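Enquirer: I need the structure of the sequence given here:
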Amino acid sequence: MAEDKVVPQSQLDMQMSFAPLVKQTRGAVVNVYAERIVQSRSSLFAGDPFFEQFFGQRMPNRTEKQSSLGSGVIVEANGTVVTNNHVIDGADDIKVALADGREYPVKVVLKDDRLDLAVLKFDAPETMPTLPIGNSDSTEVGDLVLAIGNPFGVGQTVTSGIVSALARNQVTEGDFGFFIQTDAAINPGNSGGALVNTRGELIGINTAIFSRGGGSNGVGFAIPANLVRVFLDAADRGDASFEKPYVGASFEPVTSDVAEALGLKTVRGALVVRIAEDGPAAKAGLKPGQVVTAVNGIPVEHPDALGYRLTTAGLGKTAELTVQEDGREEKIELTLAAAPETRPRDIQLIEGRSPFAGMRAGNLSPRLAYELKMASEVTGVVVTEVVRGSPAARLGFQPRDIVIAVNGEDIASVEDLQKIAESDPGFWRVEIERDGQRIRQIFR
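Expert: Below you'll find the predicted structure:
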């Protein structure tokens, strides 16, 4: 691919137009309109303690319609559209508007807030124009690109730029961290739109911007097309949810100090920190202290890049990891499978007069940890839900808290927690783990 790319050689080359490329691709980019109905209290006396005391819940409520606007890309001629999850999340009514102005209601086929992707489907009256999904791994810094979308609701807009960087992470609050960066102008409303290369291929879904005032500052980010392809395959199979491979290990970025200590020539890779017992990483021979530097021969810049490479490799496949340790390099084979439920979750509602009353708790397994967006190697008894207004809620328990011990007794299962909750010791010494930190409290 790289041999086909050339720098403009003359003034005539600089005067060349993107118009033919725009005509070829713009018909496959749609506007996405999402509406949600929300309940809100009457604003006249909202927050007034006098009226709330005497009227309480009888204060009149009203409904409001909230709208959001984004973009999407038709990727299959039957009316299948890919967009961002945040464009349609929580919506009660979603429509797409084609480039010619026709509007159609859509249904959500698959969505995932971790990847910020969603697949929609409308009843296409005829064969729809589509954008072919390109190989985003062939994209290079400096490539010319077009961004097509509907910024600020002004109508379909095309901007041009270059690929500014690859493998960007720490861009959004989600757990996906592998973006294509571009200086093509991307603004609110462009979310879900197309990032197109000069061959007329979709190489990314425009997703986020860095901005001080809400407008484009030339720093935009797109989800790579190779991840879009894997997500679309899951939707076409009819999967109820999208699953990433379970590795059974946790990783940290390689710092300059770590690189020097391990004898690495470059400050890049994913440092193995913890290994889950009997997980795929353990079975493959991966060990703490090793550094994963490549997947299937493709360099890995950081732990997020490792996750991206394994996810795009696909479940059911085997990935070859390049691992460095003590100046030596070796290759290991890692089987890519979904997170298993190694023990019954046995989720139970804790009742009675204990501090745990009103919480639902379950036995952690890699599967439940994945669903709760927790590290896959954590174990123990986890809080999955806290009933509003319950003793557990008033005492500050939160979903994803892991109950470690109560009154000096280790809590290994939900049955252990249920049993001790039924006792009446007079006081409770509780130890939990929250976001990797131990918290100890005493309740009476």
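Enquirer: tell me the centre residue of the protein?
Expert: residue 114 (1.9 Å; Cα atoms, centre = their mean).
Enquirer: gap between it and residue 176?
Expert: From residue 114 across to residue 176, the span is 6 Å (Cβ to Cβ, to the nearest Å). The way it works is simple: take the backbone N, C-alpha and C, and place the C-beta from them, glycine included.
Enquirer: hang on, the earlier thing: correct me if wrong, but the residue nearest to the centre of the chain is in a helix.
Expert: No - secondary structure of residue 114, determined by DSSP: H, G, I helix; E, B strand; the rest coil: coil, with no helix assignment.
Enquirer: That one reaches residue 173, doesn't it?
Expert: No - between residue 114 and residue 173 there is no contact under Cβ atoms under 8 Å: 10.6 Å.
Enquirer: shared neighbours, those two?
Expert: Among the neighbours of residue 114, none is also in contact with residue 173 (Cβ atoms under 8 Å, 6 or more residues apart in numbering).
Enquirer: Residue 266 is in contact with residue 259, correct?
Expert: Yes - taking Cβ under 8 Å as the contact criterion, residue 259 and residue 266 are neighbours in contact, 7.0 Å apart.
Enquirer: more neighbours, the two?
Expert: Summary of the neighbour comparison: residue 259 and residue 266, criterion other Cβ atoms under 10 Å, with residue 259 having more neighbours (17 against 10).
Enquirer: who's in contact with residue 313?
Expert: Contacts for residue 313 were tallied using Cβ under 8 Å, 6+ apart; they are 245, 295, 296, 319, 336.
Enquirer: Weed out the non-buried ones from these.
Expert: 245, 295, 319, 336 (16 or more other Cβ atoms under 10 Å).
Enquirer: unless I'm mixing things up, residue 431 is touching residue 437, no?
Expert: No - between residue 431 and residue 437 there is no contact, the gap being 11.3 Å when judged by Cβ under 8 Å.
Enquirer: Those two - which one has more neighbours?
Expert: Neighbours were counted for residue 431 and for residue 437 using other Cβ under 10 Å; residue 431 has more, 17 against 7.
Enquirer: The more buried one should be in a strand, yeah?
Expert: Yes - using three-state DSSP, the secondary structure at residue 431 is a strand.
Enquirer: contacting residues for it?
Expert: When contacts are counted by Cβ under 8 Å, 6+ apart, residue 431 is found next to 403, 404, 405, 406, 438, 439, 440.
Enquirer: Just the buried ones among these, please.
Expert: Using 16+ other Cβ under 10 Å as the burial test, the contacts of residue 431 include 403, 404, 405, 406 as buried.
Enquirer: what about the closest residue to residue 263 other than its chain neighbours, neighbour count?
Expert: Computed as Cβ to Cβ, 6 or more residues apart in numbering, the closest residue to residue 263 that is not its neighbour in sequence is residue 327, at 4.5 Å. Using other Cβ under 10 Å, the number of residues around residue 327 comes to 8.
Enquirer: swap in residue 335?
Expert: Close neighbours of residue 335, defined as other Cβ under 10 Å, add up to 16.
Enquirer: cool, and residue 147?
Expert: As a burial measure, the neighbour count of residue 147 was computed by other Cβ under 10 Å and equals 28.
Enquirer: Could you pull up phi and psi at it?
Expert: Backbone geometry at residue 147, expressed as degrees, to the nearest 10, gives phi -110, psi 120.
Enquirer: That one and residue 156, how far apart?
Expert: Residue 147 sits at a distance of 11 Å from residue 156 (criterion: Cβ to Cβ).
Enquirer: And residue 242, by the same measure?
Expert: Look at residue 242 and residue 156: by Cβ to Cβ, they are 29 Å apart.
Enquirer: With residue 92 instead?
Expert: Distance from residue 92 to residue 156, by Cβ to Cβ: 25 Å.
Enquirer: Between the two, point out the one with more neighbours.
Expert: Remark: of residue 92 and residue 156, residue 156 carries more neighbours, 19 against 11, as counted by other Cβ under 10 Å.
Enquirer: got a list of what residue 176 touches?
Expert: Shown in contact with residue 176 (Cβ under 8 Å, 6+ apart): 114, 115, 116, 223, 304, 308.
Enquirer: What distance do you get for the second one to residue 306?
Expert: Using Cβ to Cβ, one gets 16 Å for the distance from residue 115 to residue 306.
Enquirer: quick one, strands of the stretch 201-350 of the chain?
Expert: In chain order, the stretch 201-350 of the chain shows strands spanning 202-209, 220-224, 249-253, 270-275, 291-295, 298-299, 318-325, 328-335, 348-349, with DSSP state E, counting those that start in this stretch as the criterion.
Enquirer: The ones you listed: which one's closest to residue 413?
Expert: Comparing the strands of the stretch 201-350 of the chain against residue 413 with Cβ to Cβ, the closest turns out to be strand 348-349 (10.2 Å).
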